[in-house]
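Chemist: sequence first, then the predicted structure, then my questions.
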Amino acid sequence: MFESARIQTLWELVDYRARASYGAPMFFDGDGRRVTFDEVRDEALRAAAGFRELGIGAGTRVAWQLPTRIETVIASLALARLGAVQIPVIPLHREREVGFILADSAAEYLLVPGRWRGFDYTAMAHEVAGDGVRVISTADGLPAAGPRGGPTGARDTDGEGTAAGGPAPGERHGGTGEGRGADATAWIYYTSGTTAVPKGVEHTDAGLIAGGVGLATALGMGAHDIGSIAFPYAHIAGPDYVIAMLVSGFPAVVLDTFRPAEAAAVYRRHGVTMAGGSTAFYQAFLDESRRHRRAGPAAGRLIPSLRLLSGGGAPLPPELYAAAGRELECAIVHGYGMTESPMIAMGTPYDSDEQLSRTVGRPVAGARVRIARPDGSEAATGEPGEVTLKGTMLFRRYTDPALTAEAFDADGYFHTGDLGRLRPDGHLVLTGRLKDIIIRKGENISAQEVEELLHTHPAVAEAAVIGLPDRERGERVCAVVTLTDPAAPAPTLATLTAHLRAAGLMTQKLPEQLEVTDALPRGGPLHKVLKAALRERYGR
């Protein structure tokens, strides 16, 4: 029986699971590799010894920009063993974002994969790192302490060998950090920065463990299950998921690149029971399953062992919930989290279809969700307002103190910027973002509400609703859609507005502009729609 109160650090959790599930698999990859829980612990210990020879210790700030691989998880666990402060960087980031993150976090080391998917990360790292950051390539493997004390495997591309010529671990930050408490910063994550400068978000080990426990409790996975990680491990969902694995004792398939057909084939081979990542993954598996079945009745299910799709990161349209669940013959359990809090609410396999398709589940264990009115007072059950949050899984602070002061109210609740309401059954409904509200002639319009109704039209595959500047209205409502059948005639604006009227949408919320596109622009680790790009494209 897992007792979370006794475990305060990630490494304690790793060691607990290695002993409790000795010999049981923790990871598989697409090439047939199998690694057990105890082997992961032991490999992490060897890598920790190598990192220490490179000068990394308690309190050292280590950024890493690595693909989703078993070795990446092991490297992260090794750094956790040393008590380093980890700064995960999404592999999609390039010079502008990486340079900002390194400077803002005061990183001392940067781990990169060498070349990956045709891009030279080492060259970029040297271009943006500056004098105070040492670049370490893991192209030849993770470090391990050599027979004479020097590191083997990973290469110090600055040519310094060990840390003799550089700062002592933690020196730039007021000491080594030995004996760091469970409430000290252990991780610095950065928001995606698709619409503004990324925010540095400081987390403790205990906070991430609380999020992972909340996820594990909601999903109810066990050692008989097999999960999957095909999203960027550098996203905060990465350790959140691995912690859930360590809590529940189930293994997962790890893929460094998500290609639906290839992923489905690997998942079939390993008998994956839970897949997902975000709404975009649900759509991808839905499309792939339809292609798979075109081979004929004998093709069967895309992933016969699949019983759950789970994820978060973007709204789940009810129509996609119904279509994907029906096609893939599995339950879809969607949740709600953010960089500042890896888990806030999560559906469970025991919820009803109505609850799973219309809500993001109940607040997870340990999360206190309060809906705030514009004046800051607590809203009544069913009353809409801003989602605010307290709980152990909540981040410690931003790297910018001014942002921290703005984000919390006098009662210590974090203001998420999301709009929603709590239902009498305790489930949370999200209705949009404060910044995703279109103000047309003084009327507040939720883009998400219109998007969900557009998605119910049979010709519409995906929809994004944006506000565009308008001299008379302040903003006008613009719908951007992709089509289920690109070869068929596109629906007209009149056709879609008639459909929305029939669904009961008030006249003031009807789109006044329709744009049809081949694909919605997406970015970030969970492939969210980039509405700023749409406003730039259609607002001229």
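Modeler: Looks like it came in fine. Numbers count the residues shown, from 1 in each chain.
Chemist: CA only for contacts and neighbour counts going forward, please
Modeler: OK.
Chemist: okay, strands next: where are they in the stretch 251-400 of the chain?
Modeler: Shown for the stretch 251-400 of the chain, the strands assigned by DSSP state E, counting those that start in this stretch span residues 252-254, 274-278, 308-312, 331-338, 341-346, 362-363, 368-372, 385-390, 397-398.
Chemist: so what are the domain limits for the protein?
Modeler: Taking automatic domain parsing as the domain assignment, the record places the domains of the chain at 4-204, 258-433, 441-538.
Chemist: which one of those domains lies nearest to residue 211?
Modeler: With C-alpha to C-alpha as the measure, domain 258-433 is the member of the domains of the chain nearest residue 211 (5.0 Å).
Chemist: centre-most residue in the chain?
Modeler: residue 237 (4.0 Å; C-alpha atoms, centre = their mean).
Chemist: can I assume it is in contact with residue 342?
Modeler: Yes - if you go by C-alpha atoms under 8 Å, residue 237 and residue 342 touch, sitting 6.4 Å apart.
Chemist: ok, the residue nearest to the centre of the chain - contacts?
Modeler: By C-alpha atoms under 8 Å, 6 or more residues apart in numbering, the contact set of residue 237 is residue 342.
Chemist: from residue 344, how far out is it?
Modeler: 12 Å (C-alpha to C-alpha, to the nearest Å).
Chemist: over to residue 236?
Modeler: Between residue 236 and residue 344 the distance, using C-alpha to C-alpha, works out to 13 Å.
Chemist: the more surrounded of those two?
Modeler: Ranked by neighbour count (other C-alpha atoms under 10 Å), residue 236 and residue 344 place residue 344 first, with 29 against 25.
Chemist: ok, and the closest non-adjacent residue to that one?
Modeler: Once flanking residues are discounted, residue 344 sits nearest to residue 337: 5.1 Å by C-alpha to C-alpha, 6 or more residues apart in numbering.
Chemist: ok, for residue 33, nearest residue in space, not its chain neighbours?
Modeler: residue 27 (7.9 Å).
Chemist: what's the angle from whichever strand or helix holds residue 432 to strand 331-338?
Modeler: For residue 432, the host element (DSSP states H and E) is strand 428-433. For the pair strand 428-433 and strand 331-338, the angle between their directions (axes from the mean of the first three to the mean of the last three C-alpha atoms, to 10 degrees) equals 60 degrees.
Chemist: parallel or antiparallel, which strands does strand 428-433 pair with?
Modeler: The strands that strand 428-433 pairs with in its sheet are strand 414-422 (antiparallel) (by DSSP bridges).
Chemist: now the partner strand against strand 341-346, angle please.
Modeler: Per the same axes, to 10 degrees, the angle that strand 414-422 makes with strand 341-346 is 10 degrees.
Chemist: list the buried residues in strand 414-422.
Modeler: 414, 415, 416, 417, 418, 419, 420, 421, 422 (16 or more other C-alpha atoms under 10 Å).
Chemist: of all those, which comes closest to residue 313?
Modeler: When those are compared for distance to residue 313 (C-alpha to C-alpha), residue 418 comes out closest, at 12.4 Å.
Chemist: doesn't residue 97 lie inside a helix?
Modeler: Yes - note on residue 97: a helix contains this position according to DSSP: H, G, I helix; E, B strand; the rest coil.
Chemist: residue contacts, it?
Modeler: The neighbourhood of residue 97, defined by C-alpha under 8 Å, 6+ apart, consists of residue 198.
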